[in-house]
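Asks: what shape does this take:
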Amino acid sequence: MLNDVMVRLAGMGFTVSPDDEWVLMFCVDKVTNHIKNSCNVSEVPTGLHETAVDLVCGEYLQGKFRTGQMGDVSQAVSKIKEGDTDITFVSGMSDAELIASLIADLRGREVDFAAYRRIRW
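Replies: So this is what the prediction gives:
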């Protein structure tokens, strides 16, 4: 999953430095455990792989944003297209608003868990 996350981030204009790989791995573990706990499963279902990748990206970017490590994001995001989903950001938004909107979209994917949830006994 780590490679998919790095490719997804690169596709959005973000480069992960070698120093950040531990942080990214932490985000992968955090999201993986969250999905397994939320769905009451022992492995992340294959159908949630893309959701997991987006959640990891959102966690990573949220951490970078909150700690002031984003640097210049003015060129990072203006349009994202994946499959039939197309996101275009309003040009009048500030850099902070753009990145906050992207992070909210990436982290707001838990609705996809519903199809994989198991009842706990």
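Asks: okay, now D105: neighbour count?
Replies: 15 (other C-beta atoms under 10 Å). Heads up, the C-betas are built off the backbone N, CA and C, glycines and all.
Asks: got it, and F14?
Replies: Around F14 there are 21 residues (other C-beta under 10 Å).
Asks: can you list the low-confidence ranges for the protein?
Replies: 71-93, 121 (pLDDT under 70).
Asks: which stretches of it form strands?
Replies: 79-82, 85-88 (DSSP state E).
Asks: unless I'm mixing things up, L61 is touching A100, no?
Replies: No: using C-beta atoms under 8 Å, L61 makes no contact with A100, being 9.7 Å away.
Asks: the helices in this structure, which residues?
Replies: 2-11, 21-39, 49-66, 95-107 (DSSP state H).
Asks: what about those helices, which gets the closest to R117?
Replies: For R117, the closest of these is helix 21-39, at 5.0 Å, according to C-beta to C-beta.
Asks: which positions in the closest one come out as buried?
Replies: The neighbour-count check on helix 21-39 (16 or more other C-beta atoms under 10 Å) flags V23, L24, C27, V28, V31, T32, H34, I35, C39 as buried.
Asks: OK, contacts around the closest residue to R107 other than its chain neighbours?
Replies: Distances taken as C-beta to C-beta, 6 or more residues apart in numbering place G58 nearest to R107, at 3.6 Å, with adjacent residues excluded. G58 is in contact with I103, D105, L106, R107, counting by C-beta atoms under 8 Å, 6 or more residues apart in numbering.
Asks: what about G58, distance to S42?
Replies: For G58, the distance to S42 equals 24 Å [C-beta to C-beta, to the nearest Å].
Asks: now swap in D112 and tell me
Replies: 18 Å.
Asks: which of the two has more neighbours?
Replies: D112 (16 against 6).
Asks: my guess is D112 meets L48, correct?
Replies: Yes: with contact defined as C-beta under 8 Å, D112 reaches L48; the gap is 6.2 Å.
Asks: how far does stretch 13-28 sit from the chain's center?
Replies: 12 Å (C-alpha atoms, centre = their mean, to the nearest Å).
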